[in-house]
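Visitor: I would like the atomic coordinates for the input below:
(one chain, ligands or ions: 2)
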Amino acid sequence: MFRSWYITIGSLSLSGRPITGDTHPKVSSSVTRLSPLRPMFAALSGPMGARGRIHEQSPDRRSRAPRPARNGKVARHGCRAGPPGARRTAMRALVYRGHKRIELENVPDARVPAPDGALVRTTSFAICGSDLHGYHGPVNEERIGSTMGHEAIGEVVEVGSEVRHIRPGDHVAVSAVVGCGSCENCQALLTARCANSETRVLNLGQAEAIAVPAADSSLLPIPDGVSDEQAVLLTDILPTGYKGVRGAGIQPGGTVAVVGAGPVGQMALETSFLFGPSKVFAIDQVPHRLEEAERLGAIPIDASQVDPVEAVLDQTGGKGCQHVIEAAGPQATVRIAFGVLAHGGTLSQVGATTDPEMTVNLMALFGKDLTYRVGLVSPQYAWPELVPLLQEGKIHPERVFTHHLPMSDGPRGYEIFDNRDDGVIKVMLDPTR
Ligand SMILES: [Zn+2]
Ligand SMILES: [Zn+2]
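Guide: Ligands and ions are numbered 1, 2, ... in the order given. Below you'll find the model as predicted:
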């Protein structure tokens, strides 16, 4: 029986029509979903589809033996290897050593982690706001000595014998969130909902190489027309901000507040305008973030100067906003988000929560008849919508990269980002330097 590689996405629209059901639009249950990323992007972007080679795909992964590597070599463990010389014994990585201590160290080189995995040599990676949680927060003893980061792109140098769609030589974005790759949710690209409870943030990204599990569902061959900076954003924060926007169900003419105008908030602010809101408020305390939000067309609210809830209520006739995106995570900003939410409104939280528990006034929430969505992003799920927007120049999220540093300056990059010095919004690191 023929098995289609393409997914059908129901109720998806960029025209601002209502989204029904969960934060994510529903995936048709009538279509088999098998790691469809490459065929999807081949269709999106013409004959080549993605940088690097497009390979003929098998319609049924169970019926075909593994192919030999492009150069004909079969590496150890049945892996298909890239160019000679790919093997090393050590690599450089940015390693967590405790409170505000990130060190550049030599660690054992990454290896293909399993038959369904791949080895990616990085070409760029970024520092994420959630990397700072372990950096400036209480010391996480369990993580001492581990590699930082989860926002990387690079070149595939080796794949396991069960990988069907990714090949050595592919230039890829590595999803920050991975799952088992084989359950129904992972195959529908919803890796944050892995039914085998293997959802995890792939915190291996700030190194010269990454061992990527479940490569077919974790890697995006970077399509033509998508820059390296944009591809790095596709690994996490652009899909995260966009998930917030999608979850808030913005209607044309609706009022929007984005709480937290850091990198994720900037992604939410920019993509919120795709849905035709009448007003978008940006709430933060950092002047240069608010200036950037204002350049996008948002109304800046400086929470260090005014009570942000009162300010938003004042400017909405006392009603608050129908669509609120929380893009920071701590209790304080979640409270602001609930505070600016209008009756009947929707709060969509994508800020990585740092406080395990929080007390809310259920009577007040009950009286507002509101919807609250919260959860980790599945970056892959948003790629089919975000890639065409990038290719057609409809969004320019790469504007957030204010600092480009060599990997050897990684510890300083953390310091700048954490101190919010020097007009920083987001820091990109170059592993070749
Ligand atoms: Zn991130
Ligand atoms: Zn899974």
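Visitor: so Glu292 sits against Arg399, correct?
Guide: Yes. Between Glu292 and Arg399 there is a contact under Cβ atoms under 8 Å: 7.5 Å. From N, CA and C alone the C-beta is placed, and that goes for glycine too.
Visitor: buried residues, stretch 365-374. List them.
Guide: Across stretch 365-374, burial judged by 16 or more other Cβ atoms under 10 Å covers Lys368, Leu370, Tyr372, Arg373.
Visitor: nearest spatial neighbour of Ser408, skipping sequence neighbours?
Guide: Nearest non-adjacent residue to Ser408, counting by Cβ to Cβ, 6 or more residues apart in numbering: Leu104, 5.9 Å away.
Visitor: name the helix or strand for the one you found, please.
Guide: strand 101-108 (DSSP states H and E).
Visitor: got it, and Val256?
Guide: Element membership for Val256, per DSSP H and E: strand 255-259.
Visitor: packing partners of that strand?
Guide: Judged by 3 or more Cβ pairs under 8 Å, 6 or more residues apart in numbering; DSSP states H and E, strand 255-259 is in contact with helix 263-272, strand 279-284, strand 321-326, helix 331-339.
Visitor: partner strands of that strand, with direction?
Guide: Strand 255-259 sits in its sheet next to strand 279-284 (parallel), strand 321-326 (parallel), going by DSSP bridges.
Visitor: the last one to helix 331-339, inter-axis angle?
Guide: Meaning strand 321-326. 170 degrees (axes from the mean of the first three to the mean of the last three Cα atoms, to 10 degrees).
Visitor: between helix 263-272 and strand 321-326, find me the angle.
Guide: Going by the same axes, to 10 degrees, strand 321-326 makes 150 degrees with helix 263-272.
Visitor: repeat that for the first one.
Guide: Here strand 279-284 points in a direction 170 degrees away from that of helix 263-272 (the same axes, to 10 degrees).
Visitor: picking that back up, show me what the mean pLDDT comes to for the strand holding Val256.
Guide: Mean per-residue pLDDT for strand 255-259: 98.
Visitor: tell me if stretch 322-332 is near ligand 1.
Guide: No. No part of stretch 322-332 sits close enough to ligand 1 to count as contact by Cβ under 5 Å from the ion; the gap is at least 11.7 Å.
Visitor: so which bits of the protein are right by ligand 2?
Guide: Counting by Cβ under 5 Å from the ion, the residues of the chain near ligand 2 are Gly179, Cys180, Cys183, Cys186, Cys194, Asn196.
Visitor: just the residues you listed now: which is nearest ligand 1?
Guide: Gly179 (16.7 Å; Cβ to the ion).
Visitor: and for the residue lying closest to that closest one once chain neighbours are set aside, the neighbour number?
Guide: Closest residue in space to Gly179, ignoring its immediate chain neighbours: Cys194 at 3.1 Å, by Cβ to Cβ, 6+ apart. Using other Cβ atoms under 10 Å, Cys194 has 23 other residues around it.
Visitor: done for today, thanks.
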